[in-house]
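Trainee: Any chance you can model this:
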Amino acid sequence: MSGSSQPRDGTAWFGHEAVPEAEKAKRVHHVFANVARRYDIMNDVMSGGLHRLWKSSLIDSLNPRPGMHLLDVAGGTGDIAFRFLDAVKGDGHVTIADINDQMLAVGQKRAADKKIPGRMDWLCGDAESLPLAGQQVDAYTIAFGIRNVTHIDKALEDAWRVLKFGGHFLCLEFCPRMAIPVLDTLYDRYSDQMIPRLGQWIARDAASYRYLVDSIRRFPAPEEFESMMRSAGFGQVSHRLLSGGICAIHSGWKL
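Mentor: Predicted structure coming up:
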């Protein structure tokens, strides 16, 4: 299954299924509404805790500085936002944007429970057309979210639009194939057989996690995604593989 294959005009991939473009966003919203309360627990179980290291690597790549304004897209539960504010010791501003209000509600409750210092705004909006003026933020992050948007190219163009000149774009996303062939086969078996079972056991929703596995397979390979970033206007584009190529951090700048 290739991330570069395209469905017919007027349709988009929802996992392995081609659906009308207008329907994909509704289906994705339903997936994340279903799993919102158990989303962070499932991340720990599915990745064996590795997602915490990957997100820390994303923050290291961002190199947060005091006074920075970060926009974290598809970050409803707050994982990236909280790490960012911790890195700047509360001297920063983060706008958390997510299309799903239930994911945002989980993040807001977590922030209240943790008494997170620093300025946080919570924004319900679509990554393809964010309700923000242009040149608003110093940095834009999106972790494990861009593969769920209907038009990845439009999300990248809007990321470029809202960044200030000199702003940094960082995307943490799974790769459709691992870099090591033997591990690739084992990872495929784990994804196909275990992740939906874990989804049923923990979140009571195997179907949503089956979709999330399929959405990884449909995501472009790192080199193809780099080309999409350049087409959106980003310069100094690069990527760094993590954990043998399970996922990658993609970096680009608005120059």
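Trainee: which ones are touching residue 192?
Mentor: Neighbouring residues of residue 192 by Cβ atoms under 8 Å, 6 or more residues apart in numbering: residue 213. All C-beta atoms are positioned from the backbone trio N, CA, C, and that covers glycine.
Trainee: I'd like the numbering to begin with 769 instead of 1 from here.
Mentor: I'll keep to 769 as the first residue from here, and by that count the last item is residue 960.
Trainee: how near is it to residue 979?
Mentor: Per Cβ to Cβ, to the nearest Å, residue 960 is found 13 Å from residue 979.
Trainee: Angles on the backbone of the closest residue in space to residue 851 that isn't next to it in sequence, please.
Mentor: Closest residue in space to residue 851, ignoring its immediate chain neighbours: residue 827 at 4.8 Å, by Cβ to Cβ, 6 or more residues apart in numbering. Residue 827 adopts backbone torsions of phi -60, psi -40, taken as degrees, to the nearest 10.
Trainee: Please apply the same query to residue 889.
Mentor: According to degrees, to the nearest 10, residue 889 has phi -120, psi 140.
Trainee: Tell me how many other residues surround it.
Mentor: When neighbours are defined as other Cβ atoms under 10 Å, residue 889 has 12 of them.
Trainee: hang on, it packs against residue 864?
Mentor: Yes - the criterion here is Cβ atoms under 8 Å, and residue 889 meets it with residue 864 at 7.0 Å.
Trainee: re the thing from before, contact partners for the residue nearest to residue 851?
Mentor: Counted by Cβ under 8 Å, 6+ apart, residue 827 has contacts 848, 851-852, 855.
Trainee: can you redo these as CSV with distance to residue 870?
Mentor: Formatted as CSV, the contacts of residue 827 follow (distance: Cβ to Cβ, whole Å):
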residue, distance to residue 870
848, 18
851, 22
852, 22
855, 27
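Trainee: Looking at those, which is nearest residue 994?
Mentor: Nearest to residue 994 among these: residue 848, at 21.4 Å, using Cβ to Cβ.
Trainee: Quick check: nearest residue in space to the closest one, chain neighbours excluded?
Mentor: Nearest non-adjacent residue to residue 848 (Cβ to Cβ, 6+ apart): residue 840, at 4.6 Å.
Trainee: How many residues are close by the one you found?
Mentor: Neighbour count of residue 840, defined by other Cβ under 10 Å: 30.
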